[in-house]
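test case, fold it:
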Amino acid sequence: MALIEVKVPDIGDFSEVAVIELLVKPGDTVAVDQSLMTVESDKASMEIPSSHAGVVKAFKVKLGDKVSEGTVVLELEAEGAVSSAPAPAPAAAAAPVVAAPVAAAPVAVTVAAPAATGSIEVRVPDIGDFKDVAVIEVFVKPGDLVKVEQSLITVESDKASMEIPSSAAGVIKELKVKLGDKINIGDLLAIVEGAAAAGATSAAPTPASAPVAVAPTPVAATAAPAAATVSAPAHNPTATPALGLPHASPSVRKFARELGVPLAEVKGSGAKGRITQEDVQNFTKSVMAGAIQTLAQAAKAPAATAGSGGGSELGLIPWPKVDFAKFGPIDRKELGRIKKISGANLLRNAVMIPAVTNHDDADITDLEAFRVATNKENEKSGVKVTMLAFLIKASVAALKKFPEFNSSLDGDALVYKQYYHIGFAADTPNGLVVPVIKDADKKGVLQISQEMSELAKKARDGKLGPADMSGATFTISSLGGIGGRYFTPIINAPEVAILGVCKSQMEPVWDGKAFQPRLMLPLSLTWDHCVIDGAAAARFNAYLGQILADFRRVLL
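Reported below is the predicted structural model:
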């Protein structure tokens, strides 16, 4: 048996594309031309086939990595192969991979009327040595104004999906294709009324042996959305969900990222469950409808509390009305949108939830030393690990041991969630927001730290989408290094618990023989007494403290 290096074949005139799916794992047996992984540019996603048959020994790439021609993908253990085998010859892969279109040179399109103005025929460019690919998405309609290189349709083979761009700018006069049509090179796509075709004389020869498709437009390495795809959950019918992405075209994934929509939570209405742009829009509308309703309730809340009848609904005396200006100068400022929304929610939660708070201290002396050492080792990566990242990971371990803390009341039933989405309070100039780390149990401390940094930046910039702040099963409110000792955080319904942490400080701790200086972290756990009793809360806090004192317990 010998080891064979399987490398990325010739994928056209671009490099540094992101790995978005891993379709096999170590120990799997693969055949020649079997797809190993999926990569994506800003216009196309494509599968990389295996050049040899054998057993996967080790993967050399991971989700989010950037690869180019010649990059080693994995090592195969195969009988009768030479371990130093060169990269697969393009000609050998060309014949079997019939369904994968070949890379086109920059905008190699065919048009019929290269006049300066007037009606222009936009046709299918050279997309390789295959035929009859299906139209799965149509992005434009008659009357739409399009630009040169704007995507018109998406086509899909069994190995790749790609977007076909317009070769001319102008107004769509007629569309000559519809969903489900099969098209080939040279087929008429649309009649555009406008400027001349951009690529009428720019078609370049394409290597017929290239085994994998790329988009028929220039692909910039910087456009590959690696960071956004790494964190997206999987939806791949041929692989386990943790390995890939939901079934959607690159443009739809980009559209979803711009809106902050997690595609894993969107149900696709297209062929084979494919997520369309309309599906993303409908998801956003449903989320926003809930937010608007909350905002409307929040708008009423100040009137109810500050008006003459405020509190009367609860049988309380009216809220006092005072002319503050008669006592001195004042400056009146309206509450911001975030404070209006959060204020109404906090009031409801404080009134409706029978909340109890337990206070405790955790010894984080060794964990802090490990955190500092980790940051020194990873200075070049640009990822700074905070204590909050360790708290998130420790909280997940505690939630697994005490599942009622990861539940929600639904009428007379208790819903136990099998996922662990952890919210963390982020301070912004406009108020407090709570971004959510999705599937924290499946991520390491470094990845959690990176996502927290990205979400916190989006929060400060006011760019958090509804999906970034939804779905939490447990929340941590950290005052970090600001100060304070203990506080009583308010539960974020429909969650049943929230953890508050303050600034850690050195304290003398008795070890049985003498007082030792130890770094102690104050913990404040607020819990819903409808769901949790005092004994369970005490055990949760104690267990959380044990994990923070010896982080190896996370592995147990």
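
for K254, the count of nearby residues, please.
16 (other Cβ atoms under 10 Å). All C-beta spots, glycine's among them, are computed from the backbone N, C-alpha and C.

just checking, what packs against the helix or strand where it lies?
Here K254, judged by DSSP states H and E, is contained in helix 250-259. Here helix 250-259 touches strand 160-165, helix 226-230, helix 277-306, going by 3 or more Cβ pairs under 8 Å, 6 or more residues apart in numbering; DSSP states H and E.

if we use 10 Å, what do you get?
strand 35-40, strand 44-49, strand 151-156, strand 160-165, helix 226-230, helix 277-306 (3 or more Cβ pairs under 10 Å, 6 or more residues apart in numbering; DSSP states H and E).

and the angle from it to strand 151-156?
120 degrees (axes from the mean of the first three to the mean of the last three Cα atoms, to 10 degrees).

then helix 250-259 to CSV, C-alphas only?
In CSV, the C-alpha atoms belonging to helix 250-259 read as follows (Å, rounded to 0.1, in the frame of the first residue of the first chain):
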residue,chain,number,x,y,z
PRO,A,250,-23.5,31.5,-4.8
SER,A,251,-25.6,34.6,-5.4
VAL,A,252,-28.3,33.5,-3.1
ARG,A,253,-25.8,32.7,-0.4
LYS,A,254,-24.3,36.2,-0.9
PHE,A,255,-27.7,37.7,-0.7
ALA,A,256,-28.4,35.8,2.6
ARG,A,257,-25.1,36.9,4.1
GLU,A,258,-25.9,40.6,3.3
LEU,A,259,-29.2,40.2,5.1
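
in that helix, what's buried?
250-257 (16 or more other Cβ atoms under 10 Å).

stretch 353-360 too?
353, 355, 357-358, 360.

and these as CSV, adding pLDDT?
Shown next, in CSV, are the buried residues of stretch 353-360 (pLDDT from 0 to 100):
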residue, pLDDT
I353, 92
A355, 95
T357, 96
N358, 95
D360, 95
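
count the neighbours of the residue lying closest to Q150 once chain neighbours are set aside for me.
Nearest residue to Q150, sequence neighbours excluded (Cβ to Cβ, 6 or more residues apart in numbering): S166, at 5.1 Å. S166 has 28 neighbours, counted by other Cβ under 10 Å.

let me know the pLDDT of S166.
Per-residue confidence (pLDDT) for S166: 89.

over to I191?
For I191, the model assigns a pLDDT of 93.

the residue of the chain positioned farthest from its centre and E334, how far apart?
Most distant from the centre of the chain: K326, at 53.0 Å, with distances by Cα atoms, centre = their mean. Noted for K326: a distance of 21 Å to E334, by Cβ to Cβ, to the nearest Å.

okay, now G423: neighbour count?
So G423, with other Cβ under 10 Å, has 23 neighbours.

what sits against it?
392, 433-437, 469-477, 492, 495, 498 (Cβ atoms under 10 Å, 6 or more residues apart in numbering).

which element is it on?
Applying DSSP H and E, one finds G423 within strand 422-424.

so what would you say the end-to-end distance of stretch 451-470 is?
Terminal residues of stretch 451-470 are spaced 15 Å apart (Cα to Cα, to the nearest Å).

tell me the mean pLDDT for that stretch?
Per-residue scores along stretch 451-470 average to 89.

in that stretch, which residues are buried?
451-452, 455-456, 458-459, 464-470.

out of the residues you listed, list just those in helices.
Using DSSP state H, the members of those that fall in helices are 451-452, 455-456, 458-459.

now restrict the contacts of G423 to buried residues only.
Buried among the contacts of G423 (16+ other Cβ under 10 Å): 392, 433-437, 469-470, 472-477, 492, 495, 498.

lowest average pLDDT across the helices and strands packed on helix 250-259?
helix 226-230 (a mean of 37).

which strands or helices does the lengthiest strand in the chain pack on?
Identified as the longest strand of the chain according to DSSP state E is strand 515-528. Applying 3+ Cβ pairs under 10 Å, 6+ apart, one finds that strand 515-528 contacts strand 355-363, helix 365-377, helix 387-401, strand 407-410, strand 474-478, strand 497-501, strand 505-510, helix 534-549.

S51 should be in a strand, yeah?
No - counting by DSSP: H, G, I helix; E, B strand; the rest coil, one finds S51 to be coil, located in no strand.

quickly note the distance from it to L63.
22 Å.

these two: who's more crowded?
Neighbours around S51 and L63, counted as other Cβ under 10 Å, are more numerous at S51. The numbers are 23 against 20.
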